[in-house]
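**Q** structure, please.
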Amino acid sequence: MGSSCLSPKETSDTLIQSSIKKASHTTVKRMLLSFMAGAYIALGGQGFLVAYESPFIRAAVFPVGLMLIVLAGGELFTGNCLMTFGLIQKEITLKSYVKVLVQVFCGNLLGALAVAALLYFGGAYNNPVLAETVVNVAKAKISLSFVQVLSKGILCNILVSLGVWVSTTAKDATGKMLGCWFPVMLFVFCGYEHVVANMFFLPMGAILDSSVTLTQIVGNLIPSAIGNYIGGGIIVPVIYHQVYYR
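**A** Just a heads-up that it's a prediction; the model follows:
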């Protein structure tokens, strides 16, 4: 390929090196980066809610979260699922792999909850239309069955992980932003399930409507996390590892 981007094989090599770097972070650094990533996704989620009446615009706004993570720095659970490349190549240990994913998941949750709290106490949801929107979004998500959330989670993180892949392929900021935008826009437009986004939508809905319970929130986050892991941690890296390294 031209000098403006990496080849697919070069991209997968870069993702392996990235997994080594991610595994080498201190716990404090990892938690700070994952906190920021959760906050960025939540901010994208807020933009989604503000633009909710227009399906395309809300899908077009949400990817700003991944753009900020890629360009400013952040550790996102769904993107870090691609560390499977490094695990398969035995460049990182299973213990490090699991440790990173668990810590990043927790950090993402804290970041998303922090943004939800700031928006609530900042009065953003004094707007009855916005409040009704987030409650309806939350209720729609918790009404899905385990299998529905799981399936939508798989489809979601095939696209999100490919957004990370394409942004890694690009060598300039514009290419990285477009690489993030197209796949993430598509998953939002199609209504798939992203566990970190749900860490914002569901607690925000619960704050405003007590009928959204903690049990229901966990009942969504578990299958969405599993589905996201299958899509971005198994399907994409395992298949492309087989293609490029076997």
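**Q** residue ranges of the helices in this structure, please?
**A** Secondary structure of the chain by DSSP state H: the helices cover 8-24, 27-50, 55-61, 64-72, 77-80, 84-88, 94-121, 128-142, 146-169, 173-190, 195-208, 214-229, 236-245.
**Q** quickly compare these and say which is most buried.
**A** Ranked by mean neighbour count, the helices of the chain are led by helix 77-80 with a mean of 29 (mean count of other CB atoms under 10 Å). Just so you know, the C-beta spots here come from the backbone N, C-alpha and C atoms, and that holds for glycine as well.
**Q** alpha carbons only: can I get that helix in CSV?
**A** Output of helix 77-80 as CSV, limited to C-alpha atoms (Å, rounded to 0.1, in the frame of the first residue of the first chain):
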residue,chain,number,x,y,z
PHE,A,77,-12.5,-2.3,27.0
THR,A,78,-14.0,-3.0,23.5
GLY,A,79,-10.9,-1.8,21.7
ASN,A,80,-8.5,-3.6,24.1
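**Q** for that helix, name the packing helices and strands.
**A** helix 94-121, helix 146-169, helix 195-208, helix 214-229 (3 or more CB pairs under 8 Å, 6 or more residues apart in numbering; DSSP states H and E).
**Q** rewinding a little: make CSV out of the helices of the chain and add mean pLDDT.
**A** Formatted as CSV, these follow (pLDDT from 0 to 100):
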stretch, mean pLDDT
helix 8-24, 96
helix 27-50, 98
helix 55-61, 97
helix 64-72, 97
helix 77-80, 98
helix 84-88, 97
helix 94-121, 98
helix 128-142, 98
helix 146-169, 97
helix 173-190, 96
helix 195-208, 98
helix 214-229, 98
helix 236-245, 95
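**Q** residue contacts, the residue nearest the centre of the chain?
**A** Central residue of the chain (CA atoms, centre = their mean): residue 78, 4.5 Å from the mean position. When contacts are counted by CB atoms under 8 Å, 6 or more residues apart in numbering, residue 78 is found next to 156-157, 160-161, 194-196, 228, 232.
**Q** right, I'll call it a day here.
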